[in-house]
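Peer 1: Prediction below, plus the sequence it came from.
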Number of protein chains: 2
Amino acid sequence: MTDKPAAFTACGGCAARRLNLCAGMQRMANAPVPASSGRALVQSILARRVICGPREWSEFVYVICTGWAMVSTALADGRRQVLSFLLPGEIDSMASLFEPRFGRTIEAITEVHYRKFRREEMQNAVFSNPDLLRTLGELCSAERTHADNLALDLGRRTADERIARLILDLSKRLAQHGMMDGQMMDFPLRQRQIADATGLTAVHVSRVLNEFQRSALIRIGERRLTILDASGLRRLAEA
Amino acid sequence: MTDKPAAFTACGGCAARRLNLCAGMQRMANAPVPASSGRALVQSILARRVICGPREWSEFVYVICTGWAMVSTALADGRRQVLSFLLPGEIDSMASLFEPRFGRTIEAITEVHYRKFRREEMQNAVFSNPDLLRTLGELCSAERTHADNLALDLGRRTADERIARLILDLSKRLAQHGMMDGQMMDFPLRQRQIADATGLTAVHVSRVLNEFQRSALIRIGERRLTILDASGLRRLAEA
DNA sequence: CGGATAGTTGAGTTATCTCAAATGCAGTGG
DNA sequence: CCACTGCATTTGAGATAACTCAACTATCCG
């Protein structure tokens, strides 16, 4: 829970596109903390810690600055569905700009630096700036597309397809952030988390991932993933 | 494709809540067509017809006035996922207020009367009225909740749970529209459509539905559904 | 170093799917 | 009005993708 303005250089430069906070909002993310807000709004949190719990009424909107986070919902009996992984510059949902989002948990996957904006201030900023308003629309639209694809994945695609698509989606988003090292990327996800994102079990994820490695599609190790055969992977995913 | 202002009385009175267009927008739905728009914006369409195709660039936002419609995405090989069923007063997605929604098909399930608003006019109306703006936020939030639940259903719930929940969700929404007749409701859905909404096959939907009937939870016939044992159904759904 | 967490692998199970045939029902055209 | 065609539903039988359980190993973290 320390102030770390230095950490923000990481989100300054990237040309965010899809679920990301685009230019306008990124500017906000990097802006100095408004004098009006009486507390430091920049936070850092350890891997695996909860950033915002499902029953927490929060007056803040959270923006990831560095690291990976995830958003999930869960059932009383422990079944859990990951709704999205958040990369730097991303927000848990446009909807949280309007109302606190009950039932969703945001947690850190790696160590995360994030920034909290008072919902009200953020709303005012957005609604008073036509530029930001347009951005809002685009993000809303992108978010909807993401939700649609998730439903299509979970409802209609096979395990292989879902996992291939997850890998490709992450690599694409990381590339947009300039976070790909050739075909290699950071890959801090646990198989359990992949399972909860794809509606599978961890055991099955393990089998599929190993099958992918045996077929020389990808290579995983040291918490990093290399795409060896992008077109093969895409063929699997596009089905 | 005829003008049918009379049809709108049906959407005038209901206290819309979740995905519905609430008070403010309902007022818009019932307002006279702006003189500026050079064509009749009220349409009627037969059951099973497509209202807006997946590749169609539409400058309109569609609001259902009477009847049931559905929104879906599909894969090239025919696999299809229904994203939501639309009841009177509902809009396909808040996001369509900002951008045309490619990849989604809106089709009529029953005969449908719907209204088209020019996206731009609707945007202007919403952004110039703080009341509508608040409504927008609520709807955005409700829509996100719906999407989250859909993912949780498809990824983590059993067939029985999904189907029980679909029935309860529809009955709840119909009740909000004053469209329940005691425990009885219109139920124009084909099993194929239920299957595509729940990520199952039509054959399996048939089995589950019959099992529900054998257990005296529900009763289906004549395109109507009666909930015989609401608490039993809820117990199944809540898992 | 030691305990906890994460990943692998095998064997057996099951929810759901596929295929297929039989029946019902609705709309069409003669 | 009826035969005809096409869709929707039901039901059975068998197949399979993904799951569960369980044991083992590897990796991480304090």
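Peer 2: Received, thanks.

Peer 1: ok, now which ones touch the spatially most central residue of chain A?
Peer 2: Centroid-nearest residue in chain A: A:Leu86, 1.2 Å away (criterion: C-alpha atoms, centre = their mean). A:Leu86 makes contacts with A:64, A:68-71, A:92, A:106, as judged by C-beta atoms under 8 Å, 6 or more residues apart in numbering or on different chains. In this view, the C-beta of every residue, glycine as well, is placed from N, C-alpha and C.

Peer 1: Name the nearest of the residues you listed relative to A:Ala147.
Peer 2: Taking C-beta to C-beta as the measure, A:Ala147 lies nearest A:Val71 of the contacts of A:Leu86, at 11.6 Å.

Peer 1: Assign a three-state SS to the closest one, would you?
Peer 2: Under DSSP: H, G, I helix; E, B strand; the rest coil, the three-state class of A:Val71 is strand.

Peer 1: where along chain A do the helices fall?
Peer 2: A:9-12, A:23-30, A:119-127, A:130-156, A:159-176, A:191-198, A:202-214, A:230-238 (DSSP state H).

Peer 1: tell me the average confidence for the second one?
Peer 2: Right, helix A:23-30. Mean pLDDT, helix A:23-30: 51.

Peer 1: what's around A:Gly67, how many residues?
Peer 2: Residues near A:Gly67, counting by other C-beta atoms under 10 Å in any protein chain shown, number 22.

Peer 1: Revised request: answer the last question for A:Gln43.
Peer 2: Applying other C-beta under 10 Å, we find 18 residues neighbouring A:Gln43.

Peer 1: That one touches A:Phe117, doesn't it?
Peer 2: No - the pair A:Gln43 and A:Phe117 fails to qualify as a contact (C-beta atoms under 8 Å) at a distance of 11.8 Å.

Peer 1: Now do the shared contacts for those two.
Peer 2: Contacts common to A:Gln43 and A:Phe117, judged by C-beta under 8 Å, 6+ apart, are absent.

Peer 1: Tell me the confidence at the nearest residue to A:Leu168 once chain neighbours are set aside?
Peer 2: Residue nearest to A:Leu168 in three dimensions, not counting chain neighbours: A:Ala237, with 5.6 Å by C-beta to C-beta, 6 or more residues apart in numbering or on different chains. You'll see A:Ala237 listed with a pLDDT of 95.

Peer 1: A:Ala237 contacts A:Ala159, correct?
Peer 2: No - contact criterion C-beta under 8 Å: A:Ala237 and A:Ala159 do not qualify, at 12.0 Å.

Peer 1: which stretches of chain A have low pLDDT?
Peer 2: Along chain A, the model assigns pLDDT under 70 to residues A:1-41.

Peer 1: That one against DNA strand C: which residues are in contact?
Peer 2: A:190-192, A:202-203, A:206-207, A:209-210 (C-beta under 7 Å from any atom of the strand).

Peer 1: Emit the ChimeraX select command for whichever of the residues you listed are buried.
Peer 2: Remark: buried members of these, expressed as a ChimeraX selection using 16 or more other C-beta atoms under 10 Å in any protein chain shown:
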select /A:191,209
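
Peer 1: Please report the distance of A:Gly182 from A:Leu170.
Peer 2: 15 Å (C-beta to C-beta, to the nearest Å).

Peer 1: So for those two, which sits in the more crowded spot?
Peer 2: Between A:Gly182 and A:Leu170, counted using other C-beta under 10 Å, the more crowded position is A:Leu170 (20 against 7).

Peer 1: and the more buried one, what does it touch?
Peer 2: Neighbouring residues of A:Leu170 by C-beta under 8 Å, 6+ apart: A:85, A:87, A:185, A:187.

Peer 1: Output these as CSV; include the columns distance to DNA strand D and neighbour count.
Peer 2: Formatted as CSV, those follow (distance: C-beta to the nearest atom of the strand, whole Å; neighbours: other C-beta atoms under 10 Å in any protein chain shown):
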residue, distance to DNA strand D, neighbour count
A:Phe85, 18, 23
A:Leu87, 20, 23
A:Met185, 16, 18
A:Phe187, 12, 19
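
Peer 1: Of the residues you listed, which is the nearest to B:Ala197?
Peer 2: B:Ala197 has its nearest neighbour among the contacts of A:Leu170 in A:Phe85, at 25.8 Å by C-beta to C-beta.

Peer 1: Buried residues in stretch A:92-106, which are they?
Peer 2: For stretch A:92-106, the neighbour count (16+ other C-beta under 10 Å) marks A:92-101, A:104-106 as buried.

Peer 1: And for stretch A:217-235?
Peer 2: Neighbour-count burial for stretch A:217-235 flags A:217-218, A:225, A:227, A:232-233 (criterion: 16+ other C-beta under 10 Å).

Peer 1: and which of the residues you listed is nearest A:Ala151?
Peer 2: A:Leu233 (21.9 Å).

Peer 1: The closest one and A:Glu161, how far apart?
Peer 2: 11 Å.

Peer 1: Please apply the same query to A:Tyr62.
Peer 2: The gap separating A:Tyr62 from A:Glu161 is 31 Å, by C-beta to C-beta.

Peer 1: out of those two, which sits in the more crowded spot?
Peer 2: Between A:Tyr62 and A:Glu161, counted using other C-beta under 10 Å, the more crowded position is A:Tyr62 (22 against 17).

Peer 1: OK, contacts around that one?
Peer 2: Neighbouring residues of A:Tyr62 by C-beta under 8 Å, 6+ apart: A:51-52, A:91-92, A:96, A:106, A:114-116.

Peer 1: So which of those residues sit within strands?
Peer 2: Cross-referencing the contacts of A:Tyr62 against strands under DSSP state E gives A:51-52, A:106, A:114-116.

Peer 1: Throw those into CSV and include distance to B:Asp77, thanks.
Peer 2: What follows is these, written out as CSV (distance: C-beta to C-beta, whole Å):
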residue, distance to B:Asp77
A:Ile51, 39
A:Cys52, 39
A:Ile106, 35
A:Tyr114, 40
A:Arg115, 43
A:Lys116, 44
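
Peer 1: Distance to DNA strand D added to the residues you listed, as a markdown table?
Peer 2: Conversion of these to a markdown table gives the following (distance: C-beta to the nearest atom of the strand, whole Å):
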| residue | distance to DNA strand D |
| --- | --- |
| A:Ile51 | 18 |
| A:Cys52 | 22 |
| A:Ile106 | 20 |
| A:Tyr114 | 19 |
| A:Arg115 | 24 |
| A:Lys116 | 24 |
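
Peer 1: ChimeraX command for the buried members of those?
Peer 2: This is the ChimeraX syntax for the buried subset of the ones in strands among the contacts of A:Tyr62, where burial follows 16+ other C-beta under 10 Å:
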select /A:51,52,106,114,115,116
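
Peer 1: nearest to B:Asp148, of the ones in strands among the contacts of A:Tyr62?
Peer 2: A:Ile106 (12.7 Å).

Peer 1: pretty sure that closest one is touching A:Arg49, no?
Peer 2: No - using C-beta under 8 Å, A:Ile106 is not in contact with A:Arg49; the gap is 10.2 Å.
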